[in-house]
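>>> curious how this folds, go ahead:
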Amino acid sequence: MILQILALVAGGYLLLVGLLALFQRAMIYHPDPVRTTPDAAGLPEMVPVQTISADGWLITGWYAPAASPDQVTVVFYHGNSGSIAGRAGKARALLDAGFGVLLVGYRGFGGNPGSPSEAGLVQDGRAALHWLIGRGMPHSRVVLYGESLGTGIAVRMATELEDLAGVVLEAPFTCLPDLAPPYLLPGLARLLMVDRFDNRGRMAALTAPLLILHGEKDDVVPVAMGRALLGLAGSGEKEALFLPSAGHNDLWEQGGRTRVMEFLHERTQW
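Presented below is the predicted three-dimensional model:
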């Protein structure tokens, strides 16, 4: 009887693991498929821009230049849910401060074709960044901003380009398998998960000035991960703001916005 019970438990667990492996991307990505215009999102000065990713997908993002050539442009990589329209509030604040903004669209999000994956989102993020640089934007005027899942793209891009003005990581994680459900054994998560976004393995190569924002009450990405990445970051200037009252989605409201604006103005003064 005991052996039968153990066999049933083991079989149930293996079935659960199999389902998680099969539907893992549906659990990671939660896109809003609705296409919105910048004007409808309260960003009339932004214009849709289309880029072609390396695998041929035509992806739409939104762009507005900086108020003056000496101010930085923020390339914004958003998190795993919603779309660029849901980041209109942050974009509004950045534009009002005079900074340029490129809200990077992803496949499967915001009316863009395709389905999200790590490889796909990285290609979309790279295409948007190269579009901006191809317009004559110096690396020294570009700040990469990663939000949650988007930190995986921002870190990857930051290791591919030199002389960036800066990098901002909001609620960054070490590696996606580290966020797997607690009932999934860590070694099993690393084995089964296809999309990894391995920030931990890339941080040492990041040398641009770095600002990390993380909430002490973050129940999605533990603040310990932000602390770990700060310690792993390369030889460049680096700092972190760990906000005692902030969770995962309210960092700007809990004081993060002020430090982000200061950080961007500091980059502008160079």
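
>>> okay, the helix or strand hosting residue 89 in CSV with CA atoms only?
Under the criterion of DSSP states H and E, residue 89 resides in helix 88-96. C-alpha atoms of helix 88-96 as CSV (Å, rounded to 0.1, in the frame of the first residue of the first chain):
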residue,chain,number,x,y,z
ALA,A,88,3.0,55.3,-20.6
GLY,A,89,3.2,56.8,-17.1
LYS,A,90,7.0,56.2,-16.9
ALA,A,91,7.5,57.4,-20.4
ARG,A,92,5.5,60.5,-19.7
ALA,A,93,7.7,61.4,-16.7
LEU,A,94,10.9,60.8,-18.7
LEU,A,95,9.7,62.9,-21.6
ASP,A,96,8.6,65.7,-19.3
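
>>> tell me which residues in it are buried?
88, 90-92, 94-95 (16 or more other Cβ atoms under 10 Å). No exception for glycine: its C-beta is placed from N, CA and C like everyone else's.

>>> which strands and helices sit next to it?
Contact partners of helix 88-96 among helices and strands, from 3 or more Cβ pairs under 8 Å, 6 or more residues apart in numbering; DSSP states H and E: strand 73-77, strand 100-103, helix 257-268.

>>> possible to save those as CSV with distance to residue 233, mean pLDDT and mean neighbour count?
Below are the helices and strands packed on helix 88-96 laid out as CSV (distance: least, Cβ to Cβ, whole Å; pLDDT from 0 to 100; neighbours: other Cβ atoms under 10 Å):
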stretch, distance to residue 233, mean pLDDT, mean neighbour count
strand 73-77, 18, 98, 27
strand 100-103, 24, 98, 26
helix 257-268, 15, 95, 18
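
>>> please enumerate the helices of the stretch 1-150 of the chain.
Assigned by DSSP state H, counting those that start in this stretch, the helices in the stretch 1-150 of the chain fall at 2-22, 24-28, 88-96, 118-134, 150-158.

>>> check those helices for me: which has the lowest mean pLDDT.
With a mean of 54, helix 2-22 has the lowest mean pLDDT of those.

>>> show residues contacting the helix holding residue 89.
41-43, 45-46, 62, 64, 74, 76, 101, 103, 252, 257, 261, 264 (Cβ atoms under 8 Å, 6 or more residues apart in numbering).

>>> for that helix, the distance to its chain's centre please.
Relative to the chain's own centre, helix 88-96 is displaced by 17 Å; criterion: Cα atoms, centre = their mean, to the nearest Å.

>>> okay, the angle between it and helix 257-268?
40 degrees (axes from the mean of the first three to the mean of the last three Cα atoms, to 10 degrees).

>>> residues contacting stretch 49-64, please?
35, 38, 43, 45-48, 84, 91, 95, 100-107, 110-114, 120, 123-124, 126-128, 130-132.

>>> that one spans what distance, first to last residue?
End-to-end distance of stretch 49-64 (Cα to Cα, to the nearest Å): 10 Å.

>>> buried ones in it?
Applying a neighbour-count criterion of 16+ other Cβ under 10 Å, one finds 49, 51, 53, 57, 59-64 buried in stretch 49-64.
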